[in-house]
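Chemist: fold the stuff below for me.
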Amino acid sequence: MQRRDMLKLGLGSMAALAAGWTGRAWSGGPAQAGAPLSTGALDAAAWTAARRWTQTPFGRIAHVERGAGPAALFLHGFPLNGFQWRGALERLSAHRRCIAPDMLGLGYTEVAEGQGVTPADQVRMLADLLDRLGVDSVDLVANDSGGAVAQLFAVAHPRRVRSLLLTNCDAETDCPPPALKPVIDLAREGRFATEWLAPWLADHALARSPQGLGGMTFTHPHNPTDEAIEMYLRPLVDNAARTHAYALGLDSNVLAGVEAALKQGGYPTRILWGTGDDIFSKDSPDYLAGVFGESRGVRRLDGAKLFWPEEFPDLVAEEARRLWGV
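Modeler: Sure thing, here's the model as predicted:
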């Protein structure tokens, strides 16, 4: 068995977008065959043209902004970058100043010499970045490892969080998920970028195969697109050492002990969860919905995999507007 197969992720189901209110939780409707939704988002060239860098003690932080007014901060997962949120930014920039940074160690952010890239480092970087951008408080939207960072940010800076919208991500009871172990093991040996990411970057069909990034974490078989593969993987292959450092920063339960603080948080929190995700625990959405003091329940998306927010930005925008009251 190849190492890529160790994650044991199948082809998964088709994604469902219809959903109905069932008391405190949303339940996704039946999956439907046919053409996938259009993301209606900025393409790679437009995103690259819009990218800006802010100099901080942590490095030059790459970020894209759209819109004006109260700020919303979008936190991406691993091995992606802010490009993951392009569709959501297009749909929500009429309501918020949408900010999508690239995390330390991922994407196009330039990490300062000697700077750590752990989730705790990400929290400190984000607080500093927001200060430099003149942002006092944010609506947080997060996915995957970005969800762990969002929870840590909310614990460290509860008064800076107006609301929290979490999609499939770490929870204190599932951090890191067991499926991440092969990635961490290879990163420790300095082999993850060359043995997994580089082959996917060289062969986009392989990247979209059942054993690739697409088959493991995206809902539709045509995803990620060619330009998304280039946007995500090129900087990680070119900077393998920092990529491995990011992965190694996930090799502990960074959320240990956060539950009590999250229960005391006064910000409304909504959980959106793709049921086709085999990386994070199926129990996590209900756990997360129960741990926040101002929980707004769970909406489940039948068959949607880990990185579904990129594929279904209309759904992200719908739930964000509901949570924000706009």
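Chemist: C-alpha only now, for contacts and for neighbours.
Modeler: Will do.
Chemist: counting neighbours, what do you get for residue 325?
Modeler: By other Cα atoms under 10 Å, the residues close to residue 325 number 7.
Chemist: what do you get for residue 200?
Modeler: Residue 200 has 23 neighbours, counted by other Cα under 10 Å.
Chemist: pretty sure it sits against residue 207.
Modeler: Yes - counting by Cα atoms under 8 Å, residue 200 does reach residue 207; the two are 4.4 Å apart.
Chemist: joint contacts of the two?
Modeler: Shared contacts of residue 200 and residue 207, defined by Cα atoms under 8 Å, 6 or more residues apart in numbering, are found at 213, 229.
Chemist: do a quick rundown of the helices in the stretch 51-200 of the chain.
Modeler: 86-92, 119-132, 145-156, 181-188, 192, 198-202 (DSSP state H, counting those that start in this stretch).
Chemist: I'd like to know which elements the following helix or strand past the last one is packed against.
Modeler: Proceeding C-terminally, helix 198-202 gives way to helix 204-207 as the next helix or strand, assigned by DSSP states H and E. Where contact means 3 or more Cα pairs under 8 Å, 6 or more residues apart in numbering; DSSP states H and E, helix 204-207 is packed against helix 198-202, helix 213-217, helix 226-238.
Chemist: who's in contact with helix 204-207?
Modeler: With Cα under 8 Å, 6+ apart as the criterion, helix 204-207 contacts 199-201, 212-215, 224, 226, 229.
Chemist: hmm, try it at 7 Å
Modeler: Residues from elsewhere that reach helix 204-207 (Cα atoms under 7 Å, 6 or more residues apart in numbering): 200, 212-214, 226.
Chemist: give me the distance between the two termini of stretch 151-163.
Modeler: 11 Å (Cα to Cα, to the nearest Å).
Chemist: can you list the weak-confidence ranges in the stretch 1-150 of the chain?
Modeler: Within the stretch 1-150 of the chain, the stretches with pLDDT under 70 are 1-41.
Chemist: make TSV from the helices and strands packed on helix 204-207 and add mean pLDDT and distance to residue 55 to it.
Modeler: Output for the helices and strands packed on helix 204-207, formatted as TSV (pLDDT from 0 to 100; distance: least, Cα to Cα, whole Å):
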stretch	mean pLDDT	distance to residue 55
helix 198-202	98	29
helix 213-217	98	31
helix 226-238	98	19
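Chemist: nearest to residue 137, of those helices?
Modeler: For the helices and strands packed on helix 204-207, the distance to residue 137 is smallest for helix 226-238, at 28.2 Å, taking Cα to Cα.
Chemist: packing partners of the closest one?
Modeler: helix 198-202 (3 or more Cα pairs under 7 Å, 6 or more residues apart in numbering; DSSP states H and E).
Chemist: now for the helix it packs on, which elements pack on it?
Modeler: Using 3+ Cα pairs under 7 Å, 6+ apart: helix 198-202 touches helix 226-238.
Chemist: state the next helix or strand along the chain beyond the helix it packs on.
Modeler: Tracing the chain past helix 226-238, the next element assigned as helix or strand by DSSP H and E is helix 240-248.
Chemist: roughly how far apart are residue 120 and residue 168?
Modeler: Counting by Cα to Cα, the gap from residue 120 to residue 168 is 20 Å.
Chemist: compare those two and say which is more crowded by neighbours.
Modeler: residue 168 (30 against 17).
Chemist: need the pLDDT of the more buried one.
Modeler: Looking at residue 168, its pLDDT is 98.
Chemist: wait, it sits on residue 143?
Modeler: Yes - between residue 168 and residue 143 a contact is recorded at 5.8 Å, counting by Cα atoms under 7 Å.
Chemist: thinking again about what came up before, who wins for proximity to residue 61 among the helices and strands packed on helix 204-207?
Modeler: Per Cα to Cα, nearest to residue 61 of those: helix 226-238, 14.1 Å.
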